[in-house]
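Peer 1: Pasting the sequence and the predicted coordinates here, then a few questions.
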Amino acid sequence: MRIVIVGAGIGGLATALSLDAAGLGPASGHEVTVFERSAEIRGLGVGLNLLPHAMRELTDLGLDDRVADLGVAPSTLAYYNRYGQPIWSEARGLAAGYHWPQQSVHRGRLQLMLRDAVAERLGDVIRLGHRLVGVESGETSDTAVFDTEDGEVRVDADVIVGADGIHSALRALRYPAEGAPPWSGLTIWRGTAVVPTFLDGRTMIMAGDGDQKFVAYPLSEPDAGGLQTINFIAERRGDGVPDADWNRAVDPAPIAELFREWTYDWLDVPATIAGTAELLEYPMVDRDALPQWTFGRTTLLGDAAHAMYPNGSNGGSQAILDARTLAYQLATASTVDAALAAYEQARRPVTAKLLEMTRQTGPERVMLLARERAPQGFADIHDVIPPAELEEIAAAYKRAAGFDPAVLNERATLNVVR
Ligand SMILES: Cc1cc2nc3c(=O)[nH]c(=O)nc-3n(C[C@H](O)[C@H](O)[C@H](O)COP(=O)(O)OP(=O)(O)OC[C@H]3O[C@@H](n4cnc5c(N)ncnc54)[C@H](O)[C@@H]3O)c2cc1C
C-alpha cells in the first residue's frame, strides 16, 4: 500500500508510527511517506497534555519511557476560583486508577521525539518543504500535489491522510467555503516559566472562570533549589487578535498586569507571566464538526478533522487516537474503502461530541458555575455546588472523551495481532 501523510505534527508522525506497528510500514513492503510544509521540524510550541487514553496508545507503540523522559506525570488536577479558593480536585493518571499515566510534556520535544522514532523505525520517510496544494482523484488511487522549492511534486497514493492541522489544506479543498476558524471571543497567552514548586509539585491547576482564567502545570521535576519549569496559559475574554498563528510573541508585561490581583500564597500568577522568556498569543479558535472526513481515498485526522478548544487538554490525545484507529482499520479491514469508512465511523461522532463539550468549556464548567453562583467567592464550595454535581461534570467529560477509567482499562486493544 502507498500511504501519503500530509503534516509532520503530532498526528501525522503518530500515524506513521502506528502504520508501521500495524504491519503497514516499509519493513513490510509498504510505502509510508510524511510530507511537511516547513523546511525544518523545529519542535515549536509550549506545553501539551497526553491523557491516559493517548498514553495507552503510545505505550503500545513502545514509546512510554521516551514520553516519561520528556515531562512530568501530574498527580492531581485542581480547579480554583479567581480568588484561589478550591472548587474541585481529582487524582489523575495512575493515581486515578488508570493503567496508564497522564503526561505533561513540551509539544516541541514530543514532536522531535516522534520524528526521531519515525526515522529509526521507518527510515528516511519525511519530506520537508512540501506544501500540499491539491489532490486529484482517481478510481482506486489519488494524487497529492505539493508545492516545493523546486516546483510542483505529484505523488500517487492508495490513501492520503490530511494531518495538516487547524489550517488544513486538504480540509479546505473539501470544504472550500469554510473560511477561517471561528473565534470564541477569548484570547490565550501561552508560555513557560521557572517558578518555586507549588502544591505537591505535580498538580495541574486552573484558576478563574469563563471570562478570565489561568492554567499551570509542571513540565520538569523540581531542581535542588526547589524551582520547577511550568507551562502556563492565561486567558481572557475580548482583546481580539488577528488570525490564528501558533508563533506570535507579545510583551508579557501588560498581560501580567491583567492578572495583578491573582496572587495566592501558593502561586504568584502575575510574577509567573512576567517571568516568561517568551509569551505567545493565540485566539481561542476551533473548527465546526464536519459531516464527512473521507472523500475517495483521502481522509482527515487530528486538528484537520476536529480542532477543538484546549479545555480538557484533549487536542494532541485525540490526534493520537485517530492515528491508531486509522492504522488498525487499514491493517484489518477487507478493503481500503471499508477501512476508511470504519475509521470515520469510529472517530467522527465521538470527536464531534467532544467538540461540542469543549464549546461548553468541558470539565471546566465547574469554574463557570462557581462564578455564576458565588461571584464574590465562598467559604465552602459545597454550599455553592453540591458534590454530586461536581462529580458528574468531571465524569461526563471523561466518558465523552474516552477516558472513563473503567472503560479505558477494559477497552479492546488497537494493536494488530497477526
Ligand atoms: C507550531 C505549532 C505549535 C503548537 N503549540 C501547541 C502548544 O503549545 N500546546 C498545544 O496544546 N498545542 C499546540 N499546537 C497544536 C497541537 O499540536 C495540536 O492541537 C494537536 O497536537 C493535534 O496535532 P495535529 O498533528 O493534528 O496538528 P499539528 O500538530 O498542528 O500539525 C500539523 C502539521 O501539518 C503541517 N502542515 C500544515 N499545512 C500543511 C500543508 N499544506 N502541507 C504540508 N504540511 C502542512 C504543519 O506545519 C504541522 O507540522 C501547536 C501546533 C503547531 C503547528
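Peer 2: That came through, no problem.

Peer 1: what residues does the stretch 201-350 of the chain put near the ligand?
Peer 2: Trp246, Asn247, Gly302, Asp303, Ala304, Pro310, Gly315, Gly316, Ala319 (C-beta under 6 Å from any ligand atom). Glycine gets a C-beta too; all of them are placed from N, C-alpha and C.

Peer 1: Narrow these to those that are buried.
Peer 2: Gly302, Asp303, Ala304, Pro310, Gly315, Gly316, Ala319 (16 or more other C-beta atoms under 10 Å).

Peer 1: of the residues you listed, the lowest pLDDT goes to which?
Peer 2: Lowest pLDDT among those: Pro310, with 86.

Peer 1: didn't it look like it was pressed against Ile233?
Peer 2: Yes: using C-beta atoms under 8 Å, Pro310 is in contact with Ile233, at 7.1 Å.

Peer 1: follow-up on the earlier one: and of the residues of the stretch 201-350 of the chain next to the ligand, the nearest to the ligand?
Peer 2: Of all those, the ligand sits closest to Gly302, with 2.3 Å by C-beta to the nearest ligand atom.

Peer 1: Point me to the helix or strand that includes the closest residue to that closest one other than its chain neighbours.
Peer 2: Distance criterion C-beta to C-beta, 6 or more residues apart in numbering; nearest residue to Gly302, sequence neighbours excluded, is Gly11 at 2.8 Å. Per DSSP states H and E, Gly11 falls inside helix 10-19.

Peer 1: got the angle between the helix or strand that comes right after that helix and helix 10-19?
Peer 2: Per DSSP H and E, the first helix or strand lying C-terminal to helix 10-19 is strand 31-35. Using axes from the mean of the first three to the mean of the last three C-alpha atoms, to 10 degrees, the direction of strand 31-35 lies 170 degrees away from that of helix 10-19.

Peer 1: if we can go back for a sec, how about the buried ones among the residues of the stretch 201-350 of the chain next to the ligand, which pair is most distant?
Peer 2: Ala304 and Pro310 (16.8 Å; C-beta to C-beta).

Peer 1: For this protein, give the strand that spans the most residues.
Peer 2: strand 183-196 (DSSP state E).

Peer 1: by contact count, what packs against that one?
Peer 2: For strand 183-196, the packing partners by 3 or more C-beta pairs under 8 Å, 6 or more residues apart in numbering; DSSP states H and E come out as strand 227-237, helix 252-258, helix 269-274, strand 279-285.

Peer 1: Give me the sheet partners of the next helix or strand after it and which way each runs.
Peer 2: Downstream of strand 183-196, the next assigned helix or strand under DSSP H and E is strand 203-208. Strands flanking strand 203-208 in the sheet, each with its direction: strand 76-80 (parallel), strand 212-218 (antiparallel) (DSSP bridges).

Peer 1: Export the ones you listed as a markdown table, with columns for mean pLDDT.
Peer 2: Below are these laid out as a markdown table (pLDDT from 0 to 100):
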| stretch | mean pLDDT |
| --- | --- |
| strand 76-80 | 95 |
| strand 212-218 | 96 |
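
Peer 1: mind saving the C-alpha coords of stretch 400-408 as PDB?
Peer 2: Output in PDB follows, covering the C-alpha atoms of stretch 400-408 (Å, rounded to 0.1, in the frame of the first residue of the first chain):
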ATOM      1  CA  ALA A 400     -17.300  11.500  26.200                       C
ATOM      2  CA  ALA A 401     -13.500  11.800  25.700                       C
ATOM      3  CA  GLY A 402     -12.900   8.100  26.000                       C
ATOM      4  CA  PHE A 403     -11.000   8.100  29.300                       C
ATOM      5  CA  ASP A 404     -13.500   6.900  31.800                       C
ATOM      6  CA  PRO A 405     -11.100   4.800  33.900                       C
ATOM      7  CA  ALA A 406     -13.100   1.500  33.900                       C
ATOM      8  CA  VAL A 407     -14.000   1.800  30.200                       C
ATOM      9  CA  LEU A 408     -10.500   2.700  29.100                       C
END
